[in-house]
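Asker: Model the following, please.
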Amino acid sequence: MDDVYVPWPRFDRRAFLLLLDEQRRLLLCGACCRGWTVPQVRLDTGADYLGQATRFLRQRFDVRSPRFSALYGLHQSRREEPWESDRATASRVFIVRVTDDESAAMQRMTSGHALWTVTQLRRRRREIFPEGVVLLTSGYVEGWLPDGPLELS
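Answerer: I've put the predicted structure just below:
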């Protein structure tokens, strides 16, 4: 029998979703092995960032009409990081405004979801993946970070 090798798609792009509610709290998931993290969508080379992020929000959190702000950048991992991070990864961070009702529903999905204020984020910043989420969130909430393209290299 001749098996045909079909490679996995190369997930070399990611969309990180910073879900902020009306009280300016960030949704975090603590059920992951890396500690607290924001939801992320891994994309293969041909996938559309905004389309995949919108689909993920609808399927996972039942958010039907997300309101997006976006930051764009390129992340290059250090050599000592795991192999999957050992290459340049194009990333987009979407700041998504959700209602308090939507955020409460997300938090009730599992005991691993939590809503943290900027003060809580700053206090526990070393527990949150990816690094820089607290800075981006606080900058956006406090108004010193503009809505638009930034170079994050």
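Asker: Where do the strands of the protein begin and end?
Answerer: Counting by DSSP state E, the chain has strands at residues 13-20, 26-32, 35-37, 40-43, 67-76, 88-97, 113-116, 128-129.
Asker: okay, these, which one's buried deepest?
Answerer: Of all these, strand 13-20 has the most neighbours on average by mean count of other C-beta atoms under 10 Å, namely a mean of 21. C-beta: built from backbone N, CA, C; applies to glycine.
Asker: Contacts for that strand, please.
Answerer: With contacts defined as C-beta atoms under 8 Å, 6 or more residues apart in numbering, strand 13-20 is touched by 26-27, 38-45, 47, 49, 52-53, 56-57, 61, 89-98, 103, 106, 130, 133, 136-137, 140-141.
Asker: lowest-confidence helix or strand of this protein?
Answerer: Scoring the helices and strands of the chain by mean pLDDT, DSSP states H and E places strand 67-76 at the bottom, with a mean of 67.
Asker: Any regions of this protein where pLDDT drops low?
Answerer: 1-12, 31-34, 70-89, 145-153 (pLDDT under 70).
Asker: Now for residue 54: which residues touch it?
Answerer: residue 66.
Asker: got the strands of the chain as JSON lines, with distance to residue 122 columns?
Answerer: Shown next, in JSON lines, are the strands of the chain (distance: least, C-beta to C-beta, whole Å):
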{"stretch": "strand 13-20", "distance to residue 122": "15"}
{"stretch": "strand 26-32", "distance to residue 122": "11"}
{"stretch": "strand 35-37", "distance to residue 122": "13"}
{"stretch": "strand 40-43", "distance to residue 122": "21"}
{"stretch": "strand 67-76", "distance to residue 122": "19"}
{"stretch": "strand 88-97", "distance to residue 122": "17"}
{"stretch": "strand 113-116", "distance to residue 122": "10"}
{"stretch": "strand 128-129", "distance to residue 122": "10"}
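Asker: list the contacts for residue 125?
Answerer: residue 134 are the contacts of residue 125 under C-beta under 8 Å, 6+ apart.
Asker: Kindly provide the distance from it to residue 95.
Answerer: Look at residue 125 and residue 95: by C-beta to C-beta, to the nearest Å, they are 17 Å apart.
Asker: cool, and residue 64?
Answerer: With C-beta to C-beta as the criterion, residue 64 and residue 95 are 18 Å apart.
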